[in-house]
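Asker: Give me a model of this one.
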Amino acid sequence: MAKTEAEYLSSNFLSVDVDNVDVMLNDKCLVEVEVGYDDIVVGDVKLKMSRNAHGMHHDRIAHAARHGKVVRLPLAKEIIVPNEWVTDVEVEVGDDVWFEAFEGLEADKWAWKGKLYYVLPYRSLVVAKRGEDVIPLNGYVLGDSQDIQGELTVIEKAKRMVSMKILHLGTKVSYPGSRYESEHKEGDIVRLNVDYLPELEDKDHMTFDGGMHVYFHRKNIVAKKY
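Answerer: Below you'll find the model as predicted:
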């Protein structure tokens, strides 16, 4: 007999009474994530693969869960990512959030009353939605990947220069050891110097607004079109 979803969760993930968790310690958030599966074919056999499996193989990263709803906030009000950035906690309980896929794969996962929860570090949250408001987090900027212009130019240290239109702009964060005073606004065309430009979602699992978007930090912006 096939297991119910609740039975699957309780047998595969740690059972934690979320109702008795009031706040998360340190920089952790608790995010309710939808249980999802993908049909895959191995040889002649068709299987269902969980999008929530811990440590899913890297070539399945495209199908990993990246979206959920915040149910508990971190105790800390200021988040310090060593040698990277310092930011205030901007999410609220009930916000929809999109997070880094790898962090989701490696997160501790809790099951309770037929629901699945990820324990995520605040630094892994990319953007939130609160009603109609879009709130980029951790100083991230969302860009429209459809607006990348021309060929990518490979420069020193395997970095690349990319043109991008700013779609959504979050609150400034502090970058330790550097001063960042440039001002930008939504719609600006900017030039980035990046090692890697992650996509918010995979094309087969889009829940944000139906578009393909990338995210980056202000400190990666090196030029702007006026």
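Asker: and Ser15, how many neighbours?
Answerer: Other residues near Ser15 come to 12 when the count uses other C-beta atoms under 10 Å. Bear in mind the C-beta positions are built from the backbone N, C-alpha and C, glycine included.
Asker: cool, Ile189 as well?
Answerer: With other C-beta under 10 Å as criterion, Ile189 counts 15.
Asker: Could you do Gly170 as well?
Answerer: Using other C-beta under 10 Å, Gly170 has 22 neighbouring residues.
Asker: quick one: least confident helix or strand in the chain?
Answerer: strand 153-154 (a mean of 37; mean pLDDT, DSSP states H and E).
Asker: Please, where are all the helices along the chain?
Answerer: Taking DSSP state H to define them, one finds helices in the chain at 5-12, 101-106.
Asker: for the closest residue to Arg72 other than its chain neighbours, what are its contacts?
Answerer: Of all residues not flanking Arg72 in the chain, Leu30 sits nearest, at 3.8 Å (C-beta to C-beta, 6 or more residues apart in numbering). By C-beta atoms under 8 Å, 6 or more residues apart in numbering, the residues touching Leu30 are 18, 21, 24, 70-72, 110, 117-120.
Asker: same thing but at 10 Å, please
Answerer: 16, 18, 21, 23-24, 68-74, 93, 108, 110, 117-120 (C-beta atoms under 10 Å, 6 or more residues apart in numbering).
Asker: before we move on, what about Ile79?
Answerer: Contacts of Ile79 by C-beta under 10 Å, 6+ apart are 26-27, 85-90, 121-123, 125, 137-138, 173.
Asker: Recalculate using a threshold of 7 Å.
Answerer: 27, 87, 89, 122-123 (C-beta atoms under 7 Å, 6 or more residues apart in numbering).
Asker: Name the nearest residue to it, sequence neighbours excluded.
Answerer: Nearest non-adjacent residue to Ile79, counting by C-beta to C-beta, 6+ apart: Tyr122, 4.7 Å away.
Asker: Could you tell me how many residues sit around the one you found?
Answerer: For Tyr122, the count of nearby residues is 23 (other C-beta under 10 Å).
Asker: pLDDT value on it, please?
Answerer: pLDDT for Tyr122: 97.
Asker: show me the contacts for it.
Answerer: Applying C-beta under 7 Å, 6+ apart to Tyr122 gives the contacts 27, 29, 74, 79, 89.
Asker: Which residue lies nearest the spatial centre of this structure?
Answerer: The chain has Phe99 as the residue nearest its centroid, 1.7 Å off, counting by C-alpha atoms, centre = their mean.
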